[in-house]
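J.: Okay, here's the prediction I keep looking at, along with the sequence it came from:
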Amino acid sequence: MKLNDLRPNKGATKKRKRVGRGIAAGQGKTAGRGTKGQGARSGGGTRLYHQGGNLPFFRRLPFKRGFTPINRVEYYEVNLERLADFPAESVITPETLLEKGIVKDLQKPIVILGCGEISVPLQVKAHRFSKGARAKIEAAGGSVEVLPF
């Protein structure tokens, strides 16, 4: 088989319709454009989204206000109550959170939030800490370390 042997499947292509070639061709005279009017003229026709007197669809919709910040950082949020199960003096890193199934992957940075109580001293390493979480960890005798992104 060579490139010049390649053909589309049977019935996959149609011959284009040659309009305006006389009455015998079936598309003569007005060439399928009807009689007079905007659509019959050369260069005529309506603009995109024209709805013939109706209020166009995009004008019927409410305004979309605001914007989406392009540099927004999405964090994995981990509450202190999820860290309460760790034994005392353990080092908690993103890798240990991944092993325990608390986070799904290490693509996003991790933020530790202050919901819940912690009673054992832990050494927690994460990308961000809320003020409440930092205070509760340090009050329990633990330490926090902020990792770079």
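T.: Cool, the structure landed. Numbers count the residues shown, from 1 in each chain.
J.: What pLDDT does the model give the most centrally placed residue in the chain?
T.: By Cα atoms, centre = their mean, the chain has its centre lying nearest to residue 68, at 11.6 Å. Reported pLDDT at residue 68 in the predicted model: 87.
J.: Work out for me the element it sits within.
T.: Under the criterion DSSP states H and E, no helix or strand holds residue 68.
J.: contacting residues for it?
T.: For residue 68, the contact set (Cβ atoms under 8 Å, 6 or more residues apart in numbering) is empty. Yep, even glycine has a C-beta here, placed from its N, CA and C like the rest.
J.: Which residue ranges of the protein form helices?
T.: Applying DSSP state H to the chain gives helices spanning 57-60, 80-83, 94-100, 131-139.
J.: May I see the buried residues of the first one?
T.: The reference is to helix 57-60. The neighbour-count criterion (16 or more other Cβ atoms under 10 Å) identifies no buried residues in helix 57-60.
J.: Kindly tell me how buried the residue nearest to residue 45 when sequence neighbours are not counted is, as a neighbour count.
T.: Nearest residue to residue 45, sequence neighbours excluded (Cβ to Cβ, 6 or more residues apart in numbering): residue 39, at 5.7 Å. Per other Cβ atoms under 10 Å, the neighbour tally for residue 39 reads 10.
J.: pretty sure residue 39 contacts residue 32?
T.: No. The criterion here is Cβ atoms under 8 Å, and residue 39 misses it with residue 32 at 10.1 Å.
J.: Packing partners of the helix or strand of the chain with the lowest mean pLDDT?
T.: Lowest on mean pLDDT, DSSP states H and E among the helices and strands of the chain sits helix 57-60, with a mean of 87. If you count contacts as 3 or more Cβ pairs under 8 Å, 6 or more residues apart in numbering; DSSP states H and E, helix 57-60 packs onto no helix or strand.
J.: Output it as PDB, restricted to C-alpha atoms.
T.: Only the C-alpha atoms of helix 57-60 are listed here, as PDB (Å, rounded to 0.1, in the frame of the first residue of the first chain):
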ATOM      1  CA  PHE A  57     -29.400  35.000  25.100                       C
ATOM      2  CA  PHE A  58     -26.100  36.500  26.400                       C
ATOM      3  CA  ARG A  59     -28.000  39.700  27.300                       C
ATOM      4  CA  ARG A  60     -30.700  37.800  29.200                       C
END
